[in-house]
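**Student:** Dropping a prediction and its sequence here:
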Amino acid sequence: MKTRGFVLVTVLIFLFIFTLFALSAVESNQIDIKLVANEKTHQQLSENAEAGLKLAESSLDDNCKACLAKTLTRNALLNMSDPWWQLNGQQLVDNTRIIIENLGLDPCARINKKTASNYYRITAKASDNEQYQTVLLQSTIALPHKTTQVCDGTIRKIQAGRQSWRWLS
């Protein structure tokens, strides 16, 4: 008589354990889906920021009417509010704002043997619509200056275009 209830209790215990495993698997699957969605959003933002950098680099000329009046540090850029980016940044690509800083003239960096170089720093901030994720990329480019300048140091030959690239966030 005692063994009849034993099978029922054993089956109920195993059923409870299997239910816990199933719930754990479902929860783990939901976390994986969120991680993949976040990674996809981050990848899209990175692509938007890179596209914004390339577009700004290709359209920049030596006049730089869109340049900011002063240069900003990395920390200052990271701490700027969204309204600041809306006000000061140009939107060249979806959900991406671009700022351009004129870093100045380097008379010793020569592009065409005689032409001095003007350096610019371009920062792209791409954000999702909810502002949960943000990607900041930055590049430095050199363009030929219109006039020849006297170099007080060693002349260096450089190529026009992108000189450096980095992640800020």
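**Tutor:** Good, I have the coordinates.
**Student:** The closest residue to Gly89 other than its chain neighbours: neighbouring residues, count only.
**Tutor:** Nearest residue to Gly89, sequence neighbours excluded (CB to CB, 6 or more residues apart in numbering): Arg97, at 2.9 Å. In short, each C-beta sits where N, CA and C put it, glycine included. When neighbours are counted by other CB atoms under 10 Å, Arg97 registers 24.
**Student:** Now the phi/psi pair for Arg97, please.
**Tutor:** phi -110, psi 140 (degrees, to the nearest 10).
**Student:** any idea how far it lies from Asn79?
**Tutor:** 15 Å (CB to CB, to the nearest Å).
**Student:** how far away is the residue nearest to Gly89 from Leu87?
**Tutor:** 10 Å.
**Student:** Leu20 now?
**Tutor:** Counting by CB to CB, the gap from Leu20 to Leu87 is 53 Å.
**Student:** following whichever helix in the chain runs longest, which helix or strand comes up?
**Tutor:** Determined from DSSP state H, the single longest helix within the chain is helix 2-59. Next in sequence after helix 2-59, counting helices and strands by DSSP states H and E, comes strand 67-68.
**Student:** which outside residues touch stretch 69-85?
**Tutor:** The contact list for stretch 69-85, computed with CB atoms under 8 Å, 6 or more residues apart in numbering, reads 97, 99, 101-103, 121, 123, 125, 127, 131, 136, 138, 168-169.
**Student:** Figure out the length between the terminal residues of it.
**Tutor:** 15 Å (CA to CA, to the nearest Å).
**Student:** so who does Gly89 touch?
**Tutor:** 97-99, 125.
**Student:** Strand partners (parallel or antiparallel) of the one helix or strand in the chain whose mean pLDDT sits lowest?
**Tutor:** Sorting the helices and strands of the chain by mean pLDDT, DSSP states H and E puts strand 67-68 at the bottom, at a mean of 78. Paired neighbours of strand 67-68 in the sheet (DSSP bridges): strand 96-110 (parallel).
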